[in-house]
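*Asks:* based on what follows, work out the 3D shape:
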Amino acid sequence: MSTALVTGAGGFIGGAVARLLVERGWTVRSLARGSYPQLAAAGIETRRGDLADPRAVDDAVAGCDAVFHVAARAGVGGPRSAYATANIDGTRHVLAACSRHGVARLVHTSTPSVVHAGRDLHGVDESVPVPARHRAAYPATKAVAERLVLAADGGDLATVALRPHLVWGPGDNHLVPGIVARARSGRLRLVGDGAALVDATYIDNAALAHVLAAEALTAPDAPARGRAYFIANGEPTPVGQLVDGILAAAGLPPAKRGVPLPLALAAGAVAEAAWRLAGRDDDPPVTRFLARQLATAHWFDLRAARRDLGYVPQVSTAEGLRRLAEHLRAADR
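*Replies:* Now for the predicted structure:
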């Protein structure tokens, strides 16, 4: 039986990965900053600590055969230093601990935004280059972390990076509640006409990809070693249609109002400046990076993940929306 550490198991993706590992017979340990009784109730050993603390990371990694490094600072606001501490320094601490303790497999959760340069990404595969410059701290620091992980592959440590796109579903604490809250307050705005194609990832599919990636690394000559893979549902959908599907699941009417990209970019510049002057650490309502993300296409060629990881999405977008609606109705009772 394998023992795995999941960093960030208190979060949305990390929690789903940890629970799926338990279902598949793994012994699972969590490293997270907060207290999460639901993890212990699921049979997961919980360790409290911060990625910025190398001793806490080292103690959590000791005795594990595999590490799923899911924890990260995500967002569009706040100082770059905070992102660098969590995403770059934290990843270095995980890699150092894996080396010290002879961990065999490391699955790293990256993001497709590491290759986003502000233009459309139509069906691109993993050969699309990482740009020399990113427009926000999150993708910039995640790009460095991904590069560190892939460079560490070799000898006894096999590494792989996954780039799940727009992960959503029941239990989501970011994408779905953000859309629903903005709609209820009358602040929801699409950027452009909502026709840009995006390929999002239902949470169960994202968790499955992580477990499959770890299994794919067991062979010494595994083709997945030292590589990054896009992960999504394989269903490119207009962003407006996806947003409306989430709103319908919450019992809300479709989004009606859009903002032209130039206006959204101008609003983002103003919001970024205001947040910076105020020294705020939370996310502004809009940034230039977010505006470009909402107005451009991002969908991916998943053939490499299918070939090397055996990844086949198990839950369609339609079924995911049905499950989300059921979850939201139950939460409102």
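*Asks:* got the buried residues for the host helix or strand of residue 58?
*Replies:* Applying DSSP states H and E as the criterion places residue 58 in helix 54-61. Across helix 54-61, burial judged by 16 or more other C-beta atoms under 10 Å covers 54, 56, 57, 58, 60, 61. For the C-beta atoms, the positions are set from N, CA and C on the backbone; glycine is no exception.
*Asks:* and for stretch 78-92?
*Replies:* Applying 16+ other C-beta under 10 Å to stretch 78-92 flags 78, 82, 83, 84, 85, 86, 87, 88, 89, 90, 91, 92 as buried.
*Asks:* ok, so of those, who is nearest residue 66?
*Replies:* Distances from residue 66 to the buried residues of stretch 78-92, taken as C-beta to C-beta, are shortest for residue 91 (16.0 Å).
*Asks:* low-confidence stretches in the stretch 201-333 of the chain?
*Replies:* Within the stretch 201-333 of the chain, the ranges that satisfy pLDDT under 70 run 289, 333.
*Asks:* all strands of it, in order?
*Replies:* 201-202, 227-231, 237-238, 258-259, 298-300 (DSSP state E, counting those that start in this stretch).
*Asks:* what helix or strand is the nearest residue to residue 57 once chain neighbours are set aside located in?
*Replies:* Distances taken as C-beta to C-beta, 6 or more residues apart in numbering place residue 93 nearest to residue 57, at 4.3 Å, with adjacent residues excluded. Following DSSP H and E, one finds residue 93 within helix 90-101.
*Asks:* quick one: list the elements packing against that helix.
*Replies:* The contact analysis (3 or more C-beta pairs under 8 Å, 6 or more residues apart in numbering; DSSP states H and E) places helix 90-101 against helix 54-61, strand 66-69, strand 105-109, helix 137-151.
*Asks:* okay, buried residues for that helix please.
*Replies:* So, applying 16+ other C-beta under 10 Å, buried residues of helix 90-101: 90, 91, 92, 93, 94, 95, 97, 98, 101.
*Asks:* determine the longest helix present in this protein.
*Replies:* With secondary structure taken from DSSP state H, the chain has its longest helix at helix 261-278.
*Asks:* tell me how far it lies from the chain's centre.
*Replies:* On the basis of C-alpha atoms, centre = their mean, to the nearest Å, helix 261-278 sits 25 Å off its chain's mean C-alpha point.
*Asks:* run through who's touching it.
*Replies:* The contact list for helix 261-278 (C-beta atoms under 8 Å, 6 or more residues apart in numbering) reads 77, 189, 191-192, 259, 282, 284-292, 294-295.
*Asks:* okay, the buried residues of stretch 78-92 in a markdown table with distance to residue 201 and pLDDT next?
*Replies:* Below are the buried residues of stretch 78-92 laid out as a markdown table (distance: C-beta to C-beta, whole Å; pLDDT from 0 to 100):
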| residue | distance to residue 201 | pLDDT |
| --- | --- | --- |
| 78 | 24 | 78 |
| 82 | 26 | 91 |
| 83 | 22 | 92 |
| 84 | 26 | 96 |
| 85 | 27 | 95 |
| 86 | 22 | 95 |
| 87 | 20 | 97 |
| 88 | 24 | 97 |
| 89 | 27 | 97 |
| 90 | 23 | 97 |
| 91 | 21 | 98 |
| 92 | 27 | 98 |
